[in-house]
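Trainee: Here is the input, now give the coordinates:
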Amino acid sequence: MSNNFEFFSPTKVLFGTEMEKQTGKQIKAFGGKNVLIVYGSERVRKNGLMERVLESLDLQEISYILLGGVVPNPHLDLVYKGIELGKERRVDFVLAVGGGSAIDTAKAIAYGLAEPKYDVWELFAHTRKAKACLPVGSVLTIAAAGSETSMGSVITNEVTADKRAYDDDLARPKFAIMNPELTFNLPDYQTESGCTDMMMHTMERYFTNGGNLEITDMISEGLMRNIMKYAKILHKEPDNYEARAEVMWSGSLAHNNLTGCGNDGGDFSSHKLEHEIGGMFDVTHGAGLSAIWGSWARYVYKNCLHRFVRFAVEVHHIVPDNEDEVTALMGIKAQEEFYKSIGMPISLKELGITPSHEQLKEMAKRCSIACGGKSGSAKVLEENDMYEIYKMAL
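Mentor: Numbering: from 1, shown residues only. Presented below is the predicted three-dimensional model:
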């Protein structure tokens, strides 16, 4: 039986070639006059993207200040720097030019500027909730996180090594500009890590014990099949525009809550487990997810057997065995085979890390604390369960 739900997806999407030239018009339409532009890689300046964006702002007589230096697993110190810079320049709009890390950083800065008397980390530590947020927009250069249309933001406190998420509709971007051509020059590892992340955003909402809508399941299954199809194409044809477009749009649909309509909110334990891996070892997020997922799946599948069987049949087209457990395990294996086919790791060792027993214990403890003691829908996990999954993933 499905659950009651609210679906809110207010972000205006401008999709296609040269859409970045519309950035200034969009900012002006949403009331922006003085903009903080947040970006990471100098690639956006070297390839001419930033120049085109700035030209569009100049045409609308919008002033701006640039803040670069965003890194994967974006850091809190740059958020604080952006807040101080924004205060000094009295910015009224925050624009991200980049991928999920740039957008998450922009959202965090926007929270801090809207409530300057408070420490923005309190939101990510879940000791208070935001009451305001400056408007945010994005020019997407990496198809992965779905942050361009989502309510989520993930920031790493590099002092404590805590990687934490904060979700609030206040931070949903006003617009997202999505030109698939901007992703042509991404390294294959980054492209496929992004495909893994968007796949996982769908799977986290799919493997639940709290009820589902058939139409939502069908949308989710179609998304997962589509992502896998075009991830494989991009592994061999990185300049394939159609594949880039399919993947870019899939990334947004995977994380704007569409695939969660009617369920119990999803599981998201794999993401929470990966956050601790990323916080401790600073690994690429999508790769961290593929490294932990198989161990999570084998640990929980018996408690959510009907969903794993459906996943195997509908997503991987596996002919069901007489024994449901066999079918479920074939589906898990097929998913890991997909990860390997696009160069993604399926263990911590393949990810390039070998945590000690003490580190595994520490990650499990941190994960449990971050989750309030428990996490999961497919199977409710406590600290010892988290430790066992980390240990299995070695």
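Trainee: Isn't Thr156 up against Ala165?
Mentor: No - contact criterion Cβ atoms under 8 Å: Thr156 and Ala165 do not qualify, at 10.6 Å. In short, each C-beta sits where N, CA and C put it, glycine included.
Trainee: These two: who's more crowded?
Mentor: Thr156 (25 against 17; other Cβ atoms under 10 Å).
Trainee: and that one, that one's in a strand?
Mentor: Yes - the assignment for Thr156 by DSSP: H, G, I helix; E, B strand; the rest coil puts it in a strand.
Trainee: Make sure Val313 is actually in contact with Ala328.
Mentor: No - counting by Cβ under 8 Å, Val313 stays clear of Ala328, with 9.9 Å between them.
Trainee: So for the two, which sits in the more crowded spot?
Mentor: Between Val313 and Ala328, Ala328 has the larger neighbour count (other Cβ under 10 Å), namely 27 against 17.
Trainee: what helix or strand does the nearest residue to the more buried one once chain neighbours are set aside sit in?
Mentor: Leaving out its chain neighbours, the residue that sits closest to Ala328 by Cβ to Cβ, 6 or more residues apart in numbering is Phe308, at 3.7 Å. Using DSSP states H and E, Phe308 sits within helix 305-314.
Trainee: immediately after that helix, which helix or strand?
Mentor: helix 324-341.
Trainee: list the helices and strands that following helix packs on?
Mentor: helix 214-236, helix 285-300, helix 305-314 (3 or more Cβ pairs under 8 Å, 6 or more residues apart in numbering; DSSP states H and E).
Trainee: Can you mark which positions in whichever helix or strand comes after the first one are buried?
Mentor: So that's helix 214-236. The helix or strand immediately downstream of helix 214-236 is helix 241-254, counting by DSSP H and E. Residues Ala243, Arg244, Ala245, Glu246, Val247, Met248, Trp249, Ser250, Gly251, Ser252, Leu253, Ala254 are the ones in helix 241-254 that count as buried (16 or more other Cβ atoms under 10 Å).
Trainee: Give me the contacts around stretch 266-275.
Mentor: 154, 163-165, 200, 203-205, 207-208, 260, 285, 288-289, 291-293, 296, 300, 363, 367, 370-371, 375-378, 381, 386, 389-390 (Cβ atoms under 8 Å, 6 or more residues apart in numbering).
Trainee: Now find how far off-centre it is within its chain.
Mentor: The chain centre lies 11 Å from the centre of stretch 266-275; the measure is Cα atoms, centre = their mean, to the nearest Å.
Trainee: contact partners of the helix holding Phe308?
Mentor: Contacts for helix 305-314 (Cβ under 8 Å, 6+ apart): 203, 206-209, 217, 221, 297, 301, 318-320, 324-325, 327-328, 330-332, 334-335, 378.
Trainee: Got a quick ChimeraX command for the buried subset of the residues you listed?
Mentor: Only the buried entries of these go into this ChimeraX selection, using 16+ other Cβ under 10 Å:
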select :203,206,207,208,209,217,221,297,301,318,324,327,328,330,331,332,334,335,378
